[in-house]
Structure formats: C-alpha cells, structure tokens
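S.K.: coords below, sequence missing:
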Ligand SMILES: C[S@@+](CC[C@H](N)C(=O)[O-])C[C@H]1O[C@@H](n2cnc3c(N)ncnc32)[C@H](O)[C@@H]1O
C-alpha cells in the first residue's frame, strides 16, 4: 500500500531548486531538507522572502505543489518548523493556505481534495443558494432560508479557506502572526474578500481575530486542526439548531444539511457546542470561546422553564448510563430507550436524535426485537449521517444493523433480563 500512497505524491522538487541560488548565497533562503523515508520536505528556515519572491521561487520548481515558497519559523519550543503552505489553484481556484508542519501539509496533499480533480465537484457550488444573508439585532449577520428545506436537504458544502495547526501557538507570537498574515496575502485576489468579510469579534489582530471568531475544530488523520470556511462561518449558534454540519477530511470540506423542516424566513442555525449539557455550562462555553451571551430560547427561558429543561438533560444522562450498562444488573429496557428518545424530542434536540435512536436500536436488538432494531438503526443512520458524515463509524454500524440486526454485537445480549425491574410488583394497588 505504501507504493500506492507514494504514487499520489506530487513530484518532489530538486533540493537546490527550492530557492533561487542568489537568495541562498544571500542567506535569504535555504534549501529544504528531504527525508527519503517519508518523502517529506522540511523547510527549515525563517525565510525573509517577500511575497513576490516566494511566488517566484515556487514557480521555478517543476511540479512544486504550492504556489508560494513556504515561509517557516521554529524555536526551542517546537520540534519541527511551522510553515505556511499556499495553493492558489485549490478547489478550482478558490485557494487554500495551511499553517502547519511540512509533514502534516504533505499528508494533506495525499487527500483526494488535492489528488482527485472530481473530489470537489459537489463542493463550493454557491449559485442559487437556498438562503439569504440577514442582519439580526444582537448577533450580527446570519442566514435565513428562502425556500422550504426538508430534513436531509443539503444547504451547502464548501472547502476550507485555511487550516491552522493549534501547535503553532508554540511559536513566538509575532512569528505565528506573520505566518497567518502571509497566508491571507497568498489567497487568490477573488477569495480575499471572503476572508476579510468574516466577523472580528474580539478586535485584536485583524487576521488572528477573524480566525478565532470563525474557526472550527476539525480532524485530519487523527490530529485536531482549526479550519475556517467562510460560508459556514455565517451561521449563528442555537442550542436547538435546525441544521447540522460535518467535516469531511477527504475533501477538506464542511457539509451542511437541514435536520428538520425549515420554512422560508426562518434562520438556519447550527450548534457551536455540545448541547446535551445544562444551560449554565452551555452559556459559559459560548461566552468563553465566542464571547457572546447565549440568548437562544432554551437559554433565555424563565428560570422555572430552564430548570425543567436542565432536569430533562440530567435525566437523559442517567438513562444513557443505564443503556450503556451491558452487565446482567443493567436496568436497560426498550421502554427506557423510548423515554430517552422522548426526552430528546421534548428538548427539541432534533439534530441530535441519531444518539437516542442508536441506543434504542441496540436495546431492541439486545432483547431480540428484530424489527424495532431495524427501525431505529435506520433512523439513527439517517440522522447521524447529517452531523457525523457519511464515513462515520456509528453510521456504518447502524447501516449494518438495519441490514441484519442478528449479526450485530448487541443481538440477544439481554434476552432473559427482566424488562420491568423498577415497577414490577410495586404499582399494583
Ligand atoms: C461564526 S460567527 C457567526 C456569524 C456572525 N453573526 C457574523 O455576523 O459574521 C460567530 C459570532 O456570531 C455571533 N453569534 C453567533 N451566534 C450567536 C447567538 N446565538 N447569539 C449572539 N451572538 C451570536 C457571535 O458574535 C459569535 O462570535
């Protein structure tokens, strides 16, 4: 399989072609080092090239995958240099820049997003969108639906404009800022306005602030990275959202889908946080990470109403721990799983229903109830796909269970357990 991967790698530059020889002599640029075992190139040096020079250096190297020669910084706190890698041709000329180590950047280059011209054919098609931008009093811009959207409808899908490695914070602040500023300067002219139109909530460094206000945590080959996608960055938060998104690391893109019916004029919202927590925890998280006071309906409700909501969320947690208990003492029953689904619905956590549906599917399966297992596995797969993605493991498991519950690990696991251990014998008056 390693040959396969190497075949996808863009041809590596000859080492001394990496900088114009004059700039090597001037000490402005040193050639990168090449690791023959990984095929990775390390750009070892604090480049002092101007933007124009870095462009020209990159153009001189045959099949160099980046449009600018990477600028890098390292210090005693970093194990490897962090560089800015730019590709103006990415996603049919939308462009991308990546601030990370060269090893990580070359990992990303192996993704279909870079290697397969067809991979992004469904991404960044923003003609005739099903939404309009709208200005809201307290929360700035947001998107409102301009036609009826149904559960499962794609609202849009777009590729990352930039990806940053959180470990780049080990750099000296000034040098980290230099990298992200250089990154923005290397974006194609037509794309730059998308970046500059982003909200700068905290009013610090203009580039850093736009990234911090709008970045999403994403995963690439198991590493947490931050990505900014300007379209999804226009969606405001709601603790009871009507849309969900997932990151697809093969295309370096976010997909956004409706998770319930959204009528024209309604705001399209996603969640920035885990909503299966108390109001106080949700509000603290939003305040700390995005700097706003949550005023969605479940946060701004009268105290006696949000106390009810918090109690339901607490109960949900308890029920889930019963359902996750696979010992003979488990209190798990199908009735308990149905109660869990009902609590999610009462809480209007429709975008998260894939979770209780999965518990219900496994619970029915564990009692050997084939058709209820099929029903809930199907429902779970349908909904989980919208917020975990089509390659997600839970989605795969639920699809498999929907096909044949008898082959799933949970099948008949609890047959013989009492189904009514809490009530039996106590409520006959
Ligand atoms: C990713 S941006 C969302 C788009 C933003 N409203 C704009 O005009 O560009 C995140 C910022 O939007 C605002 N925001 C998002 N959801 C909000 C909400 N439910 N209540 C208040 N402000 C919100 C906060 O300022 C937050 O830092």
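M.R.: Happy to help now that I have it. None of the values given here were measured: they were computed from a predicted structure.

S.K.: where does the nearest residue to residue 265 once chain neighbours are set aside sit: helix, strand or coil?
M.R.: Distances taken as C-beta to C-beta, 6 or more residues apart in numbering place residue 144 nearest to residue 265, at 6.0 Å, with adjacent residues excluded. All C-beta spots, glycine's among them, are computed from the backbone N, C-alpha and C. With DSSP: H, G, I helix; E, B strand; the rest coil as the basis, residue 144 sits in strand.

S.K.: for residue 144, the count of nearby residues, please.
M.R.: 16 (other C-beta atoms under 10 Å).

S.K.: and it, how far is that from the ligand?
M.R.: Counting by C-beta to the nearest ligand atom, to the nearest Å, the gap from residue 144 to the ligand is 12 Å.

S.K.: residue contacts, that residue?
M.R.: 131, 132, 134, 264, 265, 266, 267, 268 (C-beta atoms under 8 Å, 6 or more residues apart in numbering).

S.K.: can I get the buried part of these as one PyMOL selection?
M.R.: Command for PyMOL that selects the buried part of the contacts of residue 144, burial taken from 16 or more other C-beta atoms under 10 Å:
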select buried, resi 131+267+268
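
S.K.: in a markdown table: the contacts of residue 144, plus pLDDT.
M.R.: Compiled in a markdown table, the contacts of residue 144 are given as follows (pLDDT from 0 to 100):
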| residue | pLDDT |
| --- | --- |
| 131 | 97 |
| 132 | 97 |
| 134 | 97 |
| 264 | 98 |
| 265 | 97 |
| 266 | 98 |
| 267 | 97 |
| 268 | 98 |
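
S.K.: so can I have TSV of the contacts of residue 144 showing distance to the ligand and secondary structure?
M.R.: TSV is the format used below for the contacts of residue 144 (distance: C-beta to the nearest ligand atom, whole Å; DSSP: H, G, I helix; E, B strand; the rest coil):
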residue	distance to the ligand	secondary structure
131	13	strand
132	14	strand
134	10	strand
264	20	coil
265	18	coil
266	14	coil
267	9	strand
268	11	strand
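
S.K.: longest helix of the chain?
M.R.: The longest helix of the chain (DSSP state H) is helix 303-323.

S.K.: chain center to that one, what's the gap?
M.R.: Centroid displacement of helix 303-323 relative to its chain, using C-alpha atoms, centre = their mean, to the nearest Å, is 27 Å.

S.K.: what's next to that helix, contact-wise?
M.R.: 276-280, 298-299, 301, 330-332, 336-337, 339-340, 343-344, 346-347, 356, 359, 362-363.

S.K.: among those residues, which ones are buried?
M.R.: Among the contacts of helix 303-323, those that count as buried by neighbour count (16+ other C-beta under 10 Å) are 276-279, 298-299, 330, 332, 336-337, 340, 343-344, 347, 356, 359, 362-363.

S.K.: show me those that map onto helices.
M.R.: Within the buried ones among the contacts of helix 303-323, residues falling in helices by DSSP H are 279, 298, 299, 336, 337, 340, 343, 344, 356, 359, 362, 363.

S.K.: between those residues, which is closest to the ligand?
M.R.: Set against the ligand, the nearest of those by C-beta to the nearest ligand atom is residue 299 (8.4 Å).

S.K.: for that closest one, what are its contacts?
M.R.: 239, 279, 282, 283, 306.

S.K.: for residue 151, what are its contacts?
M.R.: Going by C-beta under 8 Å, 6+ apart, residue 151 touches 258, 259, 260, 261, 383, 386.
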